[in-house]
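Novice: Quick one, structure for this:
(chains A and B)
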Amino acid sequence: AQKVTQAQTEISVVEKEDVTLDCVYETRDTTYYLFWYKQPPSGELVFLIRRNSFDEQNEISGRYSWNFQKSTSSFNFTITASQVVDSAVYFCALSEGRTGRRALTFGSGTRLQVQP
Amino acid sequence: NAGVTQTPKFQVLKTGQSMTLQCAQDMNHEYMSWYRQDPGMGLRLIHYSVGAGITDQGEVPNGYNVSRSTTEDFPLRLLSAAPSQTSVYFCASSYRTGRLHSGNTIYFGEGSWLTVV
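Specialist: Got it, this is the predicted structure:
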């Protein structure tokens, strides 16, 4: 069975601070995909990143960066110089790599509040 | 290209009423699925389909029915709504085969807010 754990229920930071959202996953699959989604107050799910299990290269996109470590089964997300617009709920999710089944297992989410 | 379209966006039902949440995609995706989102629990899979005529249960299927008569549409039916089904519902779609990459990923609709009173 797959499991995704986001231990941080809520984080509050002041604008311009850096913040890291933790994600730990469990899976028996050797091939899998990891995702981060952002859910702003408007409610839609905004895709941020997808990472394949066979590619441990970290990624940076503007103020966002992701640290994927298979050895610790973690896929952490860092926002540098946070802004008020970053306030949202962030979900980490896991999809098995077998073809045909694209089901996602989600973590319970981390609510990030960025204070001005 | 509309992507994944869900209707209605908001709905209030009385206990025992039935209704259908509609989901349509125009990307010719084989795989479609429904999730529900409850406070503090993330999203959980209700039902999914790997192609027209094929459906299967997810993690929380009780109280819901689905069918997949066409590739484009994947409606979710509540036959007798209960207050426990008050939730936000998301439909998702993707290609069934091949690796997930920038041109092949999982797309979500904008969500349907359902309240059962």
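
Novice: Every contact and neighbour count from this point should use C-alpha atoms.
Specialist: Will do.

Novice: Please identify the buried residues of stretch B:21-28?
Specialist: B:21, B:22, B:23, B:24, B:25, B:27 (16 or more other CA atoms under 10 Å in any protein chain shown).

Novice: Setting the sequence-adjacent residues aside, check what's closest to the first one.
Specialist: Excluding its sequence neighbours, the residue lying closest to residue B:21 (CA to CA, 6 or more residues apart in numbering or on different chains) is residue B:76, at 5.1 Å.

Novice: quick one, phi/psi of the residue of chain A found nearest chain B?
Specialist: Closest to chain B within chain A is residue A:108: 4.1 Å, counting by CA to the nearest CA. When read as degrees, to the nearest 10, the backbone of residue A:108 gives phi -80, psi 0.

Novice: can you count the residues close to the residue of chain B at minimum distance from chain A?
Specialist: As assessed by CA to the nearest CA, chain A sits closest to residue B:42 within chain B, at 4.1 Å. For residue B:42, the count of nearby residues is 21 (other CA atoms under 10 Å in any protein chain shown).

Novice: That one and residue A:41, how far apart?
Specialist: Distance of residue B:42 to residue A:41, computed by CA to CA, to the nearest Å: 15 Å.

Novice: next one: residue B:32
Specialist: Note on residue B:32: its distance to residue A:41, by CA to CA, is 25 Å.

Novice: Compare those two (neighbour count), which wins?
Specialist: More crowded of residue B:32 and residue A:41, by other CA under 10 Å: residue B:32, with 33 against 9.
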